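S.K.: Quick one: sequence and predicted model below, then my questions.
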Amino acid sequence: MTVLLKCLSHTPLRGLYDPEPSIVAEVEQVLVQAKADVEAFDPELIILFAPDHYNGLFYDLMPPFVVATAAESVGDYNTPLGNLSIPQDLALDLVRYIHDKDVDVALSHRLQVDHGCTQILMETTGSLTRYPVIPIIINSVAPPFNPYRRIRKLGDAIGQFIATLNKRVLILGSGGLSHEPPVPLLSGAASEVAEFLICGRNPTPEARAAREARTVAAAKIFGTAECELTPLNAEWDNAFMDLLANNELEKVDAFEVEVISKEAGRSTHEVRTWVAAFAALAAQGDYTATKDYYRPINEWIAGYGVISAQPN
Ligand SMILES: O=C(O)/C=C/c1cccc(O)c1O
Ligand SMILES: [Fe+2]
């Protein structure tokens, strides 16, 4: 068993509403390197920790964690449609293993996934199907959330499972860092919005286009006085990346959801995927991590970071 970890912010605004060309080129270079690293590692399995953004999972049944044995991309924003290549029996073995470690996960035999899963696959592998992948969705967008210590336990259990495999395993974490896109909250929502959040699967093309246009409109004013969304927080982001790079993962047990939402934005909780990814890595022993990139990018509504790590 050999392990490589990559955690990347995602943003569906990439290519839709970009910052100045030098920044686009800078990020492109980081992503080209990430893809080259993955190509050289040649994974036999990808464990992908990702959030959903009310595309596959809704409040009619909102699980904290889901392992998918089959998944198709909804093709939101600029991401491709299509099925992911999931080894079904291995995914089921993973579910049984996690349960044996006293952590409960939901199971889906037909999950719809969005840019939370697909953008990172496209960026690091160039395809939805290049390598076998087991997607694990961690609720990071639809409050209430379970505590960060539960994410660490989940990641640790999955890391122990990885250690039983005689495979090269790429662990991916998708999302974060600080950010707050215009994703509605159920609490206080108008009835039409509440209906979408509870049961909004398979929107019409017009509804999807309207949602994407709302995100672009928010991006155009994000970070200005005109915008009511919580601004990016580079200090929070750097402290979080340092915590990971310095092998201090247990500190996340003290993270408070409401405090993070206020300080860094409601969708900052996508870093829960990074916590799970690093806990899975830490289950292999000590590791060395490198902060490959960080920049707060208002146009993308993203504290945008990339971090890589491998066991020592
Ligand atoms: O779900 C959406 O419509 C928008 C999501 C989004 C926007 C900006 C940054 C992100 O990480 C997102 O997921
Ligand atoms: Fe996101």
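M.R.: Everything's here; your move. Ligands and ions are numbered 1, 2, ... in the order given.

S.K.: show me what contacts the residue of the stretch 101-250 of the chain found nearest ligand 1?
M.R.: Closest contact between the stretch 101-250 of the chain and ligand 1, by Cβ to the nearest ligand atom, is at residue 181 (3.4 Å). No exception for glycine: its C-beta is placed from N, CA and C like everyone else's. In this structure, residue 181 makes contact with 215, 218, 229, 267, 301, judged by Cβ atoms under 8 Å, 6 or more residues apart in numbering.

S.K.: Filter those down to the ones in helices?
M.R.: Among those, the ones falling in helices (DSSP state H) are 215, 218.

S.K.: can you narrow the contacts of residue 181 to ones near ligand 1?
M.R.: Filtering these for proximity to ligand 1 by Cβ under 6 Å from any ligand atom leaves 215, 267, 301.

S.K.: Please pick the buried ones from those.
M.R.: Buried residues within the ones next to ligand 1 among the contacts of residue 181, counting neighbours by 16 or more other Cβ atoms under 10 Å: 215, 267, 301.

S.K.: can you put the residues you listed in TSV and add distance to residue 251?
M.R.: TSV is the format used below for these (distance: Cβ to Cβ, whole Å):
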residue	distance to residue 251
215	32
267	21
301	26
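
S.K.: will you turn those residues into a markdown table that also has pLDDT?
M.R.: Formatted as a markdown table, those follow (pLDDT from 0 to 100):
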| residue | pLDDT |
| --- | --- |
| 215 | 98 |
| 267 | 98 |
| 301 | 98 |
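
S.K.: out of the residues you listed, which one sits closest to residue 109?
M.R.: residue 267 (27.9 Å; Cβ to Cβ).

S.K.: now the closest one, nearest residue through space, not along the chain?
M.R.: Spatial nearest neighbour of residue 267, excluding adjacent residues (Cβ to Cβ, 6 or more residues apart in numbering): residue 179 at 5.0 Å.

S.K.: tell me the pLDDT at that neighbour?
M.R.: If you check residue 179, the pLDDT there is 98.

S.K.: residues contacting it?
M.R.: Residues in contact with residue 179, defined by Cβ under 8 Å, 6+ apart, are 9, 11, 232, 264-265, 267-268, 270, 301-303.

S.K.: For ChimeraX, write a command that selects the buried ones of these.
M.R.: A single ChimeraX command selects the buried members of the contacts of residue 179 (16+ other Cβ under 10 Å):
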select :9,11,232,264,265,267,268,270,301,302,303
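
S.K.: Farthest pair within the contacts of residue 179?
M.R.: Spanning the widest gap among the contacts of residue 179 are 11 and 264, at 15.3 Å by Cβ to Cβ.

S.K.: what sits against whatever residue of the stretch 1-150 of the chain ends up closest to ligand 1?
M.R.: Nearest residue of the stretch 1-150 of the chain to ligand 1: residue 53, at 3.4 Å (Cβ to the nearest ligand atom). Residue 53 makes contact with 76, 114-116, 141, 183 under the criterion Cβ under 8 Å, 6+ apart.
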